[in-house]
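Chemist: need a 3D model of the sequence below.
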Amino acid sequence: MSEVSPDELRRVVVLDAAAQIEDQLGGHGRVLSGAVTDVPAGAPDLIPDLTVTAPGAEPDGRGRYAGRDVEAVLEVARPHLAEAALAYARSGIPLYVVVDPAAAACTVHTAPSADGGYREAERVPFGNDLFLPLAGRTLVLRTDEFPAGPPTPGAGPDAGRGIVDG
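Modeler: Numbering: from 1, shown residues only. Next up is the predicted model:
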């Protein structure tokens, strides 16, 4: 495979994951790209690569989704994801997935804590299915078509990791 830019890798992963998730939601929630998630005061605005909303969830008057209305967030590895993960956990978002093309692996974070961080994490190499527990159902995300790629500039070897409480 010729060298592919980080932006192209992100686009391919997001489109593939969005299509798979949408097929499985069956009208019980939505998958959105570019949806702003409301986070605790002091945290930067977060616009995840993909957001899975709960059935019937609607944005507030500012166009943001409350943490209680978000069932999952999926991000493609990039710099500063650890800070985003803390804000997602503090917002009560139950499932946070980081897709890392450089490592050819995904990390599924669950069990958010109110003080920030996720208490559980499972690392899954590309080629294996991800089982994503949402409220009352489990989605299966195939990773065999996710592209592996070069390191994300500025992400370092721990992008999206180190966000599990001890």
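Chemist: centroid-nearest residue for this structure?
Modeler: Nearest to the geometric centre of the chain sits residue 74, at 1.6 Å (C-alpha atoms, centre = their mean).
Chemist: quick one: pLDDT of that residue?
Modeler: Residue 74 is assigned 97 on the pLDDT scale.
Chemist: give the helix, strand or coil label for it.
Modeler: strand (DSSP: H, G, I helix; E, B strand; the rest coil).
Chemist: tell me the bridge partners for it.
Modeler: For residue 74, the beta-bridge partners are residue 50, residue 97 (DSSP bridges).
Chemist: below-threshold pLDDT in the chain: ranges please.
Modeler: Scanning the chain for pLDDT under 70 picks out 1-2, 41-42, 151-166.
Chemist: so where do the helices sit in it?
Modeler: Remark: helices assigned in the chain by DSSP state H are 6-25, 81-90.
Chemist: for the first one, packing partners?
Modeler: In this structure, helix 6-25 packs against strand 30-32, strand 50-53, strand 70-76, strand 137-141, with contacts taken as 3 or more C-beta pairs under 8 Å, 6 or more residues apart in numbering; DSSP states H and E. Glycine gets a C-beta too; all of them are placed from N, C-alpha and C.
Chemist: adjacent strands (with direction) for the first one?
Modeler: Which is strand 30-32. In the sheet, strand 30-32 lines up with strand 50-53 (antiparallel) (DSSP bridges).
Chemist: pretty sure residue 137 is touching residue 29, no?
Modeler: No: applying C-beta atoms under 8 Å as the test, residue 137 and residue 29 come out as separate, 9.3 Å apart.
Chemist: between these two, point out the one with more neighbours.
Modeler: For the pair residue 137 and residue 29, the greater number of neighbours falls to residue 29 (25 against 13), based on other C-beta atoms under 10 Å.
Chemist: how many other residues sit next to the residue lying closest to residue 58 once chain neighbours are set aside?
Modeler: Nearest residue to residue 58, sequence neighbours excluded (C-beta to C-beta, 6 or more residues apart in numbering): residue 69, at 7.7 Å. Residue 69: 21 surrounding residues under other C-beta under 10 Å.
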